[in-house]
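Novice: A predicted structure for the sequence below; I have some questions about it.
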Amino acid sequence: MMKGLKKWRLFSLLAVMTVFLSACGEDYISTLTPAGPVGKEQLNILLLSVAIMTFVVIVVSVIYLLAFVKFRRSKVGENFMPKQVEGSHTLEVIWTVIPIILLLILAVPTLTATYKFADVAAMDEVDEEGNKTALTVNVAAKLYWWEFEYPDLGIITAQELVVPTDEKVYFNLIAADVKHSFWIPAVGGKMDTNVDNLNKFYLQFDKESEGLKDGVFYGKCAELCGPSHALMDFKVKTLDRDAFDAWVASMQATEGNTADANSSNAGEAAFANSCLGCHAVSAVAGAGIGPNVTTFGDRNRVAGFMDHTVEATTEWIMNPEENKPGNLMTGKYNVTEEEAQAIAEYLMTLKVED
Ligand code: CUA
C-alpha cells in the first residue's frame, strides 16, 4: 500500500514538472532558442557550465560506486584494512589542480563575455553630421510597468518595446521606485534596473517578431519587486530597419495629440476628464506619471498581461487593484462602468501602425 502511494506521488510530481517545463523551448520566451548573438553566447556559457557539472557528477559517482562495490565487507572480510592514503601528496595535488583547471575553463569565457556585453562605447559614436550612429533606448522600470524612451528620436512609449533587427540596440536602464530587472529571455539579459545608478548594456535582435506566436517576444521583470512582480511583463516587437523607421515617423507624427474633454466621442471625453493627467496620447510628450497610451490599440496585452480586448480593458479600468495588486493606478480616478467601457473603446482606436 505504502509503496503504491509513493509511486503515485512520484508520478504526480513528474506530471506537474511536465506541465511547467512544457513552456520551455517556445521561441518567443525561451533562453534555449536565442534570437540574437548575446542570447546565443549566454546559452553557450550555460551549456559549458552544465557540461562541466555533468563531468564532475559522473566522475564522483563512478569513484563512489567503485569503492562501494569493491570494498564490501562480504568481499574483503571482517578484518580488512585498506591502504592508508592520509596526507598523500599525489592525491592532494590531483584534487586541487583539477578543480582549478575546471574553474579556469569556466571563468575565461564567462569573464570575456561579461566584459564584451558591457562594452557600450558605440553608444556615444556620431557620424559626420553629429547624429548618433547607434540606437539607444532609455528603459525606466516602474511599479509595475515599463517606459521606453528613444532620446535621440524624441519619442516615448510604454509596455511594448519596438526595436530594429540585425543591429546592436543600446539600453540605459533605471528604476523609478524599487529595484527591478530587465529581461528578454529569448534575446538576452538580465540586467538590474537600479534607482540611483544607470546600468548600460546592449542586445541584438536577429529575428523579426512577426512570425512568433503572439507576434512579439516576451519580456519580464526578473527581480522580486512587490506583490505584482510576476505580472510586470512587457512585449518586444522587432521590425526590419525600414519598418522601424516608418514606425518612428508615425510616432513622431503624434506630436501635439491630446484628448478633448468636449469631444462627441464619450470615451475620449471621459478619458480627457479622468485619465489624461497621467496617460499621454502623444509619443512626443516626455515621461508620464502613468504609461503612455499612444500605441494602446497596437499592443498585445492590457496592463502587460491581460487580454487585449475592450472587455479586459474595461475590467482593468474598473478593478486595477484586484488585477494587479499594489499598482499605482488604484483609487486615482472615479468612472462608471459605462464610462470605463467607452474609455476602453477609445483606447483601442489609439494606433500608429496600420
Ligand atoms: Cu519589477 Cu519584479
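Specialist: Great, that's in hand. Residues are numbered from 1 along each chain as shown.
Novice: could you look up the SS state of the most centrally placed residue in the chain?
Specialist: Of all residues in the chain, the one closest to the mean position by CA atoms, centre = their mean is Trp183, 2.6 Å from it. Following DSSP: H, G, I helix; E, B strand; the rest coil, we place Trp183 in the strand state.
Novice: from here on, count from 31
Specialist: Done: numbering now begins at 31, and the last item shifts to Trp213.
Novice: burial measure for Met378, as a count.
Specialist: When counting by other CB atoms under 10 Å, one arrives at 18 neighbours for Met378. Where you see a C-beta, it was placed from the backbone N, CA and C, and this is true even at glycine.
Novice: and if you look at Asn357?
Specialist: 22.
Novice: same thing with Pro194?
Specialist: Pro194 - counted by other CB under 10 Å - has 20 other residues nearby.
Novice: and if you look at the one 5 residues further on?
Specialist: Val199 is flanked by 20 other residues according to other CB under 10 Å.
Novice: next one: Phe247
Specialist: By other CB under 10 Å, neighbour count at Phe247 equals 25.
Novice: what residues are up against it?
Specialist: Tyr58, Ile59, Ala65, Ile214, Ala216, Val217, Phe235, Ser239, Lys265, Val266, Lys267, Thr268 (CB atoms under 8 Å, 6 or more residues apart in numbering).
Novice: against Leu203, how distant is the closest residue to it other than its chain neighbours?
Specialist: Counting by CB to CB, 6 or more residues apart in numbering, Phe247 lies nearest to Val266, which is 4.1 Å off, once chain neighbours are set aside. Here Val266 is placed at a distance of 15 Å from Leu203 (CB to CB, to the nearest Å).
Novice: you'd agree Glu375 is up against Gly297?
Specialist: Yes: if you go by CB atoms under 8 Å, Glu375 and Gly297 touch, sitting 5.1 Å apart.
Novice: including pLDDT and distance to the ligand, could the contacts of Phe247 go into JSON lines?
Specialist: Shown next, in JSON lines, are the contacts of Phe247 (pLDDT from 0 to 100; distance: CB to the nearest ligand atom, whole Å):
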{"residue": "Tyr58", "pLDDT": "92", "distance to the ligand": "20"}
{"residue": "Ile59", "pLDDT": "91", "distance to the ligand": "16"}
{"residue": "Ala65", "pLDDT": "94", "distance to the ligand": "23"}
{"residue": "Ile214", "pLDDT": "97", "distance to the ligand": "14"}
{"residue": "Ala216", "pLDDT": "95", "distance to the ligand": "19"}
{"residue": "Val217", "pLDDT": "96", "distance to the ligand": "18"}
{"residue": "Phe235", "pLDDT": "97", "distance to the ligand": "22"}
{"residue": "Ser239", "pLDDT": "94", "distance to the ligand": "22"}
{"residue": "Lys265", "pLDDT": "96", "distance to the ligand": "15"}
{"residue": "Val266", "pLDDT": "97", "distance to the ligand": "16"}
{"residue": "Lys267", "pLDDT": "97", "distance to the ligand": "21"}
{"residue": "Thr268", "pLDDT": "97", "distance to the ligand": "23"}
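Novice: among those residues, which ones are in helices?
Specialist: Among the contacts of Phe247, no member falls in helices (DSSP state H).
Novice: so which of the residues you listed is the closest to Ala313?
Specialist: Of all these, Ala313 sits closest to Lys267, with 14.4 Å by CB to CB.
Novice: what about the closest one, how many neighbours?
Specialist: 24.
Novice: what is the burial count for Phe326?
Specialist: Phe326 has 23 nearby residues by other CB under 10 Å.
Novice: Thr343 contacts Tyr376, correct?
Specialist: No: contact criterion CB under 8 Å: Thr343 and Tyr376 do not qualify, at 9.8 Å.
Novice: tell me which of the two has more neighbours.
Specialist: More crowded of Thr343 and Tyr376, by other CB under 10 Å: Tyr376, with 26 against 23.
Novice: off-centre distance for stretch 222-232?
Specialist: Here stretch 222-232 is found 14 Å from its chain centre; the criterion is CA atoms, centre = their mean, to the nearest Å.
Novice: with stretch 347-356 instead?
Specialist: Using CA atoms, centre = their mean, the offset of stretch 347-356 from its chain centre is 22 Å.
Novice: near the ligand, anything from that stretch?
Specialist: No: judged by CB under 6 Å from any ligand atom, stretch 347-356 makes no contact with the ligand; its nearest approach is 10.5 Å.
Novice: average model confidence for that stretch?
Specialist: Averaged across stretch 347-356, pLDDT comes to 94.
Novice: just the endpoints, please. Distance across that stretch?
Specialist: Using CA to CA, to the nearest Å, one end of stretch 347-356 lies 15 Å from the other.
Novice: what residues sit buried inside that stretch?
Specialist: Ile347, Met348, Pro350, Asn353, Lys354 (16 or more other CB atoms under 10 Å).
Novice: stretch 291-301 too?
Specialist: For stretch 291-301, using 16+ other CB under 10 Å, the buried residues are Gly297, Glu298, Ala299, Ala300, Phe301.
Novice: any idea which of the residues you listed is closest to the ligand?
Specialist: Here the nearest of those to the ligand, counting by CB to the nearest ligand atom, is Phe301; it sits at 26.7 Å.
Novice: who touches that closest one in this structure?
Specialist: Ala289, His309, Val311, Ile373, Tyr376, Leu377.
Novice: same question for Asn295.
Specialist: So Asn295 contacts Ala372, Tyr376 (CB under 8 Å, 6+ apart).
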